[in-house]
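Peer 1: fold the following, please.
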Amino acid sequence: AYEIVALDTVMFTEPERIRGLLSEVSDGLAKGEWTPLPAEIYPLTEARTAFRRMQQARHIGKIVCQMPNPLQPRGDRSYLITGGLGAIGLHTASYLAQLGAGDIVLTSRRTPDADAQRAIEEIAERYKCRIHTFAADVGEQSDVEKLLEHIRAELPPLAGVAHLAGVLDDALLSQQNLDRFRTTLAPKAFGAVHLDRLTRNDKLDFFIVSSSVSSLLGSPGQANYSTANALLDGLVADRKAHGLPATGVNFGPWGGGGMASSEAASANISAQGLLPLEPSAALGALAEVVANGTGQATVLKANWARAAKVLGSSRPPILDLVLPSDMTEVVDSELLKQLQEIPVAQRASFITEFLQREVQGFLRLAQPPAATSRFLDLGTDSLMAVELRNRLHSQFGGAFTINATAVFDYPTIGGLGEYLAAQL
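Peer 2: Okay, here's the model as predicted:
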């Protein structure tokens, strides 16, 4: 049987009864006797998805639409930015200052150089804030403890952390070792863990970690860096599960400075189909992610068709959100037609050039490798060999049949090209 209870009326007519019931519920939750109903939380921007979910009656517990809580730094609080003297750190400091942050602490293992000092002075003057620099290695717990002690003793209460520190030490997996992993894990992963543990008693409005798209899409030569970023992703999930503020953003490469600003890195990024993010756009997206209460989000700009081609069959599910897989499953019959029309003597060169482009895509190389390059020296492994076989089969309409050991049986790109030409 169903009974209608006018709760609003009862609250006025029997306030003591309602007070007793609420106290009973509160005490039961505090003692762990009862647990809240499970909830699926959606940002307000995804209200349509939330209502569709409710309409389908596939949820358990409550569906909650979370109202935006804009990123609003305060003038009477302090905000810590690790990796603060790098280009991205200074962009972030300027953005927080523009939003009203009073005291901003920039930490790095080095002291500011002339360019960084000039940028700091310009930010402080323009936005009338106070910027402090503190040399510390956030990969060392003792350094983080001293840093936080200094902030708590000398500055207004800490209200936000933006962890941007990171170091690259790229190498193919066969050349990776513990030292390379420590170099990359220490500032990004260990630093985040230290900050998480040592600020749990601070009343933070936000705890932001800058992760990377490498932990989602993978990046040849960056197993250590991808691992560090994957740890950040897990840390964000852990903080959210404990009801602590946490925002992790898997950023694509930034323009205007940063670790991806070198000529070689830019060429490598372009080969992957990724495009540099404008700092203002990246920070605007970050503010939106924080406002919506989203734990983890990806912010990147890409030529999606090229990125899908590079990833091939190893494409992650996230790519289906922007480029359905059926759009990439197009057989380029023109390649087979061209191959059949050219003289037999030129077919090996034609196939070799195709292989060079494909290997460039698999390994995210800035330039196609030479025809004399050995697959193993380039870092090709058995999984890439399988992918290469699949690409040959699809792009040439099944004209070629090779096994996954072909790159070992015919160790150079040109050698494999000649073997395939002979099949025709």
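
Peer 1: would you map the strands across the chain?
Peer 2: Here the chain has its strands, by DSSP state E, at 39-43, 62-66, 78-82, 103-108, 130-135, 158-163, 206-212, 247-251, 274-275, 296-299, 301-302.

Peer 1: for Asp169, find the nearest of the ones you listed.
Peer 2: Nearest of the strands of the chain to Asp169, taken as Cβ to Cβ: strand 206-212 at 14.1 Å. C-beta coordinates here come from the backbone N, C-alpha and C atoms, glycine included.

Peer 1: could you check how far Val25 is from Trp34?
Peer 2: 7 Å (Cβ to Cβ, to the nearest Å).

Peer 1: revised request: answer the last question for Ile413.
Peer 2: From Ile413 to Trp34 the distance is 66 Å (Cβ to Cβ).

Peer 1: who's more crowded, those two?
Peer 2: Neighbour comparison, Ile413 and Trp34: the larger count goes to Ile413, with 26 against 13 (by other Cβ atoms under 10 Å).

Peer 1: thought Asp377 was touching the more buried one, still the case?
Peer 2: No - using Cβ atoms under 8 Å, Ile413 is not in contact with Asp377, being 10.7 Å away.

Peer 1: report pLDDT for the residue nearest to Asn229 when sequence neighbours are not counted.
Peer 2: If the residues on either side of it in the chain are set aside, Asn229 comes closest to Ser215, at 3.8 Å by Cβ to Cβ, 6 or more residues apart in numbering. Looking at Ser215, its pLDDT is 80.

Peer 1: do Thr227 as well
Peer 2: So Thr227 comes in at 92 (pLDDT).

Peer 1: tell me how many other residues crowd it.
Peer 2: 17.

Peer 1: what about it, distance to Leu195?
Peer 2: From Thr227 to Leu195 the distance is 18 Å (Cβ to Cβ).

Peer 1: likewise Asp202?
Peer 2: Asp202 is 10 Å from Leu195, by Cβ to Cβ.

Peer 1: more crowded one of those two?
Peer 2: Of the pair Asp202 and Leu195, Leu195 is the one with more neighbours under other Cβ under 10 Å, namely 23 against 17.

Peer 1: so who does the more buried one touch?
Peer 2: Leu80, Thr82, Val138, Val144, Val161, His163, Phe207 (Cβ atoms under 8 Å, 6 or more residues apart in numbering).

Peer 1: go again with 6 Å.
Peer 2: Val161, His163 (Cβ atoms under 6 Å, 6 or more residues apart in numbering).

Peer 1: same check on Gly61?
Peer 2: Here Gly61 is in contact with Leu37, Pro38, Ala39 (Cβ under 6 Å, 6+ apart).
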